[in-house]
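[1] A structural model of the following input is requested.
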Amino acid sequence: MVRAALMRRKARVVLALVALALGAALVTALLTVYGGVKHNLTREFRAYGPNLVITPGQNAAALSPAEIAQATAQLGPTDRAVGLLFARVQTQGRQAVLVGGDVPQLLALNPSWKVTGQQHPAVLLGSNAARQLHRVVGDSISAEYAGRIHNWTVGGIVTSGGSEDNQIFVPLRDAQQLTGLDGVTTLEIRAEGPAIHAVVERLRRSLPGADVDPIRQLTQSEGRIILSTRSMLIASILLILITIGLCVAAALASMALERRRDFGVMKALGAHDHQVFIAFVMEGLTLGVGAAVLGAAAGTALAAWFGHVLFRVALWPTAGTLLLALCSTAALAVIGAVAPWPLVRRISPATILKGE
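    Numbers count the residues shown, from 1 in each chain. This is a model prediction of the structure:
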């Protein structure tokens, strides 16, 4: 019955089908592209390194292992953290800044750093420090602190374009043994996502004696861009859905008015208003589901093309995106079918049968 009713009015059905499919395609494509934009923005900002720094309070020389554990417990599964121990040492008759930490984790936290030398170096020398100390990969280097001396072999030269070019990076355990400190003087964190301020608040509550500071230029820029993109996306989707909804409502209203005789006959044969109503809504729902399937397929292809052009990668919608496109399209079709019902409900079977 539903199929026959739809097939008898092909022009109206095609108009509503195209409008709904277009809405589903745009919703699918926009949400998929937004996911790609967010992922690429996060990846680009990640290259700038940490966006949060934790340092000891005024009455402490270092963050203890217990404090480090408390801080890392507040982080999400995709967040990164590395503890660093800074110390000013004497090396080759010069003063230098020694940084103890997990060098592979530090490099993962700062992917923009350029390293030459060993594939997995344990000891890094900043490019400026290497020139001043006349050291290359494979040379030995020593550092003195409070009468204690430690020797290493340079595994790589790092260039960051920042203060790191003047520093010496060694394993954290070696730095702790040299300085006699247990713990770290700085915990650098890369927190993912726009809700960085929530992470800061959690860290401040768990570490009341430490200083938790965001690197504001990075956190504000990243959060502002992501939130602005999300706001623009929501506004675009709402505008699209409202426009498509009006178009579908007009098309289904015309279909309902054209079928006044059918509804009158159904009522004359004993059908109740709610039965006629359900029949018409089912027609709209069938139309919406069919359009959603077609639109989701078109939106997937469109998003893949956008991904290739913009990011040189294929973007594919998630199950949540497809479900949202299906539900929103079906809801628009049902709303469009419900909208003209007050007019149809007033149809009198006697008037229709008389041909008036």
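
[2] which SSE is the closest residue to residue 188 other than its chain neighbours in?
    Nearest non-adjacent residue to residue 188, counting by Cβ to Cβ, 6 or more residues apart in numbering: residue 50, 3.9 Å away. All C-beta spots, glycine's among them, are computed from the backbone N, C-alpha and C. Applying DSSP states H and E as the criterion places residue 50 outside every helix and strand.

[3] Spit out the contact partners of residue 50.
    80, 109-110, 188-190, 215 (Cβ atoms under 8 Å, 6 or more residues apart in numbering).

[4] What about those residues, which are in strands?
    Under the assignment DSSP state E, the contacts of residue 50 contribute 80, 188-190 to strands.

[5] Could you report the pLDDT at residue 265?
    Here the pLDDT value assigned to residue 265 is 64.

[6] typo on my end, residue 41
    Among the per-residue scores, residue 41 shows a pLDDT of 57.

[7] can you check residue 60 too?
    82.

[8] Ok, residue 342 next?
    On pLDDT, residue 342 comes in at 72.

[9] Likewise for residue 221?
    So residue 221 comes in at 51 (pLDDT).

[10] ditto for residue 110
    85.

[11] What is the burial count for it?
    The number of residues packed around residue 110, counting by other Cβ atoms under 10 Å, is 21.

[12] next one: residue 314
    Residue 314: 12 neighbours (other Cβ under 10 Å).

[13] ok, it to residue 25 distance?
    Distance, residue 314 to residue 25, by Cβ to Cβ, to the nearest Å: 17 Å.

[14] Checking residue 281 next. Helix, strand or coil?
    helix (DSSP: H, G, I helix; E, B strand; the rest coil).

[15] any idea how far the nearest residue to it once chain neighbours are set aside is from residue 20?
    Nearest non-adjacent residue to residue 281, counting by Cβ to Cβ, 6+ apart: residue 337, 4.8 Å away. Look at residue 337 and residue 20: by Cβ to Cβ, they are 12 Å apart.

[16] Residue 337 sits in which helix or strand?
    Using DSSP H and E, the element containing residue 337 is helix 319-338.

[17] cool, residue 149 as well?
    Assigned by DSSP H and E, residue 149 belongs to strand 148-153.

[18] Please identify the buried residues of that strand?
    Buried residues in strand 148-153, defined by neighbour count with 16 or more other Cβ atoms under 10 Å: 150, 152.

[19] Other residues contacting that strand?
    Contacts of strand 148-153 (Cβ under 8 Å, 6+ apart): 122-123, 138-143, 170, 174, 177-180.

[20] Looking at these, spot the one nearest residue 241.
    residue 122 (56.1 Å; Cβ to Cβ).

[21] Double-check the closest one against residue 103; I have them as touching.
    Yes - taking contacts as Cβ atoms under 8 Å, residue 122 lies within contact range of residue 103: 5.8 Å.
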